[in-house]
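A.B. asks: Model the following, please.
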Amino acid sequence: MIFEENKQAKNANRITIPRMPTPNSAVSNTYRSIWNISYPIIIGLVAQNLMVVIDTAFLGRLGEVSLGAAAIGGLFYLTLVMFGAGFAIGMQIIIGRRNGEGRQRTIGRIFDHGLYFMVGMALLLILFLSLAGPSLLGRFISSPAILEQSLVFISYRRFGYFFGFLIMVFNSFYVGIVRTRMVSVATIIMATSNIVLDYGLIFGKLGLPEMGISGAALATNLAEFITFLFYLLWSFKNKCISSFRLLRFHKPRKRLYDDLLKLSLPVMLQHFISFSAWFIFFMILEKIGETALAASNITRSIYMLLMIPVWGLSSATTTLVSNIIGQGKSDEVMPMIKKIMTISFIANLLLIQVLIFFPRTVISFFTQSPELVEATLPLLRVITLSLTVFSVSMIIFSALSGTGKTGTALRIEVISIILYLLFAFILAVGFDAPASGVWFVEVLYFTVIGVFAYIFLKRGTWKELVV
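C.D. replies: From the prediction side, this is the model:
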């Protein structure tokens with residue numbers, strides 16, 4: 001998002017979208033090219049995670065139960081979202097490869113097939129959550145108060161699958177064709193509208209009804225609808241619809257779905273398993289107590305916020321690797337990965353200084369409870385180490401997916417998650433460890449996926465793979 005400082009005062013807040021590059025935008029193995037593609041994604045993630053942080057801060061004013069319930073309800077919802085996110089990454093890899101090959105006309109067909117699939121999956125997940133959600137949550141949550149609030153949250157949030165998945169389709173398209181600035185603008189719009197609606201619907205401000213935790217869920221749904229409309233209108237205005245032959249509603253082709261699902265299914269399972277483990281991890285923490293769960297939710301919000309630069313770079317890594325392979329430059333993949341890792345490590349090193357020197361200031365943004373502040377402090381010390389390992393491992397892991405070896409990435413994820421949950425359970429139940437001890441499994445998880453992904457990348461078997 002760019003604010004034009006030289007305009008007259010009445011135009012000072014007008015958002016201008018950067019002019020689109022030519023359809024066959026190419027990538028190069030330079031720090032400048034990597035950064036130009038990555039920073040808009042990072043900006044978008046800043047906006048998206050700011051939305052999560054504000055959500056947590058607002059709900060923290062309602063009490064520990066609402067804070068814990070939103071964490072569990074949100075993670076339960078996101079676990080199923082990962083099916084859509086995994087398919088979207090498969091789309092992004094193929095679109096990136098076709099863009100690198102200069103075959104832009106085929107991208108519209110990929111887009112439309114993705115659209116059909118995502119709409120169908122959204123409807124199935126809404127139905128599933130409506131029928132099975134209450135019983136599944138009831139099996140996991142021991143606190144009656146948290147269970148009740150979690151069910152309220154899910155009853156509203158489930159309808160977000162529809163427009164949330166449509167947004168993912170557009171995100172995959174724009175990242176795949178290396179027009180990442182569109183993603184940042186769309187996400188800023190979503191975050192801004194969500195924060196405003198959160199304030200109004202949670203607390204009953206701005207002439208809106210006071211809805212508490214259900215208002216937080218409804219606000220996000222409405223923000224996603226607004227963002228979808230923006231994507232649709234802007235794509236028509238800038239002729240992306242016609243240039244790439246989007247929304248031609250091409251006749252479904254089994255062969256194209258075979259190609260999409262060959263890449264996407266492992267990523268879908270990988271993301272589902274990963275977030276299922278995250279959900280189970282919070283269920284383990286819930287057994288420790290409501291204070292531990294609330295402190296962990298605050299930690300999760302801070303954790304996700306500080307992960308932003310690396311998540312942005314890892315998303316860019318997937319499309320950069322796919323594009324550069326499509327250009328026939330496979331030998332440049334490893335040098336590119338090293339450059340991205342350097343940027344990632346330095347960015348993370350700068351950010352974690354906030355946790356090292358100002359931990360109480362950071363925590364106080366989410367809660368004024370002295371007990372909760374003290375409970376959160378040791379957790380922040382653990383994630384400081386975890387973030388350092390994450391800054392390197394996630395780039396390597398995303399590069400592996402970008403080569404098309406998504407099945408290998410899935411196998412690495414499964415091994416890592418098994419170890420992750422096993423050690424978390426042993427620490428929490430077997431040794432009655434505090435929450436900070438249980439959180440240490442994050443370091444183990446990122447170490448394992450980084451080491452295994454690096455081994456497979458060095459083998460070079462991905463160079464013979466046709467996507």
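
A.B. asks: after the helix or strand hosting D258 comes which helix or strand?
C.D. replies: Using DSSP states H and E, D258 falls within helix 254-288. Helices and strands here follow DSSP H and E; after helix 254-288, the next one along the chain is helix 290-306.

A.B. asks: angle of the helix or strand following that next one against helix 290-306?
C.D. replies: Scanning forward in sequence from helix 290-306 by DSSP H and E, the next helix or strand is helix 308-326. Orientation check (axes from the mean of the first three to the mean of the last three C-alpha atoms, to 10 degrees): helix 308-326 against helix 290-306 gives 50 degrees.

A.B. asks: now for helix 308-326, which elements pack on it?
C.D. replies: The contact analysis (3 or more C-beta pairs under 8 Å, 6 or more residues apart in numbering; DSSP states H and E) places helix 308-326 against helix 31-60, helix 64-101, helix 160-176, helix 333-351, helix 370-402. Just so you know, the C-beta spots here come from the backbone N, C-alpha and C atoms, and that holds for glycine as well.

A.B. asks: okay, the angle between the shortest one and helix 64-101?
C.D. replies: An angle of 40 degrees separates the directions of helix 160-176 and helix 64-101 when computed by the same axes, to 10 degrees.

A.B. asks: now for the following helix or strand past helix 160-176, which elements pack on it?
C.D. replies: Using DSSP H and E, the next helix or strand after helix 160-176 towards the C-terminus is helix 181-203. Packing partners of helix 181-203 (3+ C-beta pairs under 8 Å, 6+ apart): helix 31-60, helix 160-176, helix 213-237.

A.B. asks: go again using 10 Å as the cut-off
C.D. replies: Using 3 or more C-beta pairs under 10 Å, 6 or more residues apart in numbering; DSSP states H and E, the elements in contact with helix 181-203 are strand 15-16, helix 31-60, helix 160-176, helix 213-237, helix 308-326.

A.B. asks: follow-up on the earlier one: could the helices and strands packed on helix 308-326 be laid out in a markdown table, adding distance to L124, mean pLDDT and mean neighbour count?
C.D. replies: Listed next are these as a markdown table, based on distance: least, C-beta to C-beta, whole Å; pLDDT from 0 to 100; neighbours: other C-beta atoms under 10 Å:
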| stretch | distance to L124 | mean pLDDT | mean neighbour count |
| --- | --- | --- | --- |
| helix 31-60 | 25 | 76 | 20 |
| helix 64-101 | 9 | 84 | 25 |
| helix 160-176 | 9 | 92 | 25 |
| helix 333-351 | 36 | 93 | 17 |
| helix 370-402 | 25 | 93 | 21 |
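
A.B. asks: and S214, which of the ones you listed is closest to it?
C.D. replies: helix 64-101 (10.3 Å; C-beta to C-beta).

A.B. asks: buried stuff in stretch 254-264?
C.D. replies: L256, D259, L260, L263, S264 (16 or more other C-beta atoms under 10 Å).

A.B. asks: what about the second one, distance to F236?
C.D. replies: Applying C-beta to C-beta, to the nearest Å, one obtains 28 Å for the distance of D259 from F236.

A.B. asks: With V152 instead?
C.D. replies: Separation of V152 from F236 (C-beta to C-beta): 38 Å.

A.B. asks: The helices and strands packed on helix 181-203 into a markdown table, with extra columns for distance to M82?
C.D. replies: Shown next, in a markdown table, are the helices and strands packed on helix 181-203 (distance: least, C-beta to C-beta, whole Å):
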| stretch | distance to M82 |
| --- | --- |
| strand 15-16 | 31 |
| helix 31-60 | 16 |
| helix 160-176 | 11 |
| helix 213-237 | 16 |
| helix 308-326 | 14 |
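
A.B. asks: Which one of these lies nearest to L379?
C.D. replies: helix 31-60 (14.1 Å).

A.B. asks: can you state the direction angle for the closest one and helix 160-176?
C.D. replies: 160 degrees.

A.B. asks: elements contacting helix 31-60?
C.D. replies: helix 64-101, helix 160-176, helix 181-203, helix 213-237, helix 290-306, helix 308-326, helix 333-351.

A.B. asks: one step back: which of the buried residues of stretch 254-264 sits closest to L127?
C.D. replies: Nearest member of the buried residues of stretch 254-264 to L127, counting by C-beta to C-beta, is S264, at 21.3 Å.

A.B. asks: which ones are touching the closest one?
C.D. replies: Residues in contact with S264 (C-beta atoms under 10 Å, 6 or more residues apart in numbering) are 83, 86-94, 114, 117, 257, 406.
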